[in-house]
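Enquirer: how would this look folded up:
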Amino acid sequence: MKRVENGIPVLAYHDIEIGFRLGSLNPSAAQFESQVRFLKEKGYRSVSLDEVVRDGGEGRAVALTFDDGYEGVHRYALPVLVKYGFTGTVFVVTGFVGRRSLWDLNLRWLGGRHMDWSAVRDLARAGLTIGSHTVTHPDLVHLDDRRVRGELVDSKRRLEDALGAPVDRLSYPFGRYDARVKDAATAAGYRLACTIRPRRGEDGRDPLALKRLCIRSLDRLSDFRGKVREGGPTRFQDCKEAVLAACNRSSLIARRRYDRREDEGET
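Expert: Next up, the predicted model:
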C-alpha cells in the first residue's frame, strides 16, 4: 500500500454543515459521518499531530484537523467523532469566535458562523486538541513583522486564557507561510504548525509545515479513500484539486482587499 508523504495522512476539514453554501471546503454532516465510519470499519485509529511527527506511519492511523472553528464542527462533527471513538485538532480564529467569517468569498451573509467560547471549551473537554488559526485569519506572508507577531502571540494567549491550558499548535491561514513566518511561530511558542501543501523542496513532515490533504464537499467516498490509503489524489483528482485551489484563491484575494481597506481606515 502506497503511503502519503507524512506516513500518517493528516486530513484538513473546514466547516461541517447541513444545507448549501458556496465553496468546496464544506462537506455535509452525512458525508463526514460516512468518511469516519469508513475509517472505523477499515481499522483506522485517530492520532495526534505529535504522533504524526514522531511515528511517521505505523499501522493504520489518521490525523483529523479542522480549520477556522466553525459552529458546524461542534454541532455536527463532534457527535460523530464521539460515536466512533475518534478525536482531532481544531484551529480557532480567536477574533471571530461567535461571529461570521469575513473571508468566505467576501460574501459576508454567506460566511460560516464560528463557534462561541462555550463550544470551544466543550471540544476541549471532549478530548479534542485546540490550536490557533491566528486572530483575524490574514495572509501572514503579506504582514509586517509586528503584525505577524501580534496575530500569533495574541491568539495563543487568548486561547490559553479561555482553556486554562497551553496551546502550541498553529494552522497557517490559507496555508500560507514562509521562513520568516515559521521563525515567528517558533518565537511565539508553537511547536507544531500545519499547512495544506508544503513549499517546494520542504519535508512534508516538518513540524512547522505539516502537510495536510483537504477534504472537500465534492469528494466522493472513493476520492476520500484514495486520499487516505493511496497517498493523495489520483492524477485526475489532482487536476480537480488544482482547479478548486485556484477558485479558493478568491477568498485569499478578498481577505487581502479587506486588510488593505482596514489599513486605510475604511472599515
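Enquirer: and V167, that one's in a strand?
Expert: No. Counting by DSSP: H, G, I helix; E, B strand; the rest coil, V167 is not part of a strand but coil.
Enquirer: and it, what does it touch?
Expert: Residues in contact with V167 (C-beta atoms under 8 Å, 6 or more residues apart in numbering) are I130, G131, S132, K156, L159, E160. C-beta coordinates here come from the backbone N, C-alpha and C atoms, glycine included.
Enquirer: and the gap between the nearest residue to it once chain neighbours are set aside and A187?
Expert: Spatial nearest neighbour of V167, chain neighbours left out: L159 (4.4 Å); criterion: C-beta to C-beta, 6 or more residues apart in numbering. Here L159 is placed at a distance of 17 Å from A187 (C-beta to C-beta, to the nearest Å).
Enquirer: ok, those two, which is more surrounded?
Expert: When neighbours are counted by other C-beta atoms under 10 Å, L159 and A187 differ, and L159 comes out ahead with 24 against 12.
Enquirer: just the pLDDT at that one, thanks.
Expert: pLDDT recorded at L159 is 98.
Enquirer: and it, helix, strand or coil?
Expert: If you use three-state DSSP, then L159 falls in the helix class.
Enquirer: same check, this time on the one 3 residues further on
Expert: Three-state call for A162 (three-state DSSP): helix.
Enquirer: you'd agree it is up against R121?
Expert: Yes. Applying C-beta atoms under 8 Å as the test, A162 and R121 come out as touching, 7.0 Å apart.
Enquirer: so those two - more neighbours on which side?
Expert: A162 (18 against 15).
Enquirer: distance check, the more buried one against F38.
Expert: From A162 to F38 the distance is 34 Å (C-beta to C-beta).
Enquirer: now L192
Expert: Using C-beta to C-beta, L192 is found at 26 Å from F38.
Enquirer: give me the more crowded residue out of those two.
Expert: The residue with more neighbours, out of L192 and F38, is L192; 22 against 15, by other C-beta under 10 Å.
Enquirer: what is the end-to-end distance of stretch 155-170?
Expert: Terminal residues of stretch 155-170 are spaced 10 Å apart (C-alpha to C-alpha, to the nearest Å).
Enquirer: that one: which residues count as buried?
Expert: For stretch 155-170, a neighbour-count test (16 or more other C-beta atoms under 10 Å) marks S155, K156, R157, R158, L159, E160, A162, L163, V167, D168, R169, L170 as buried.
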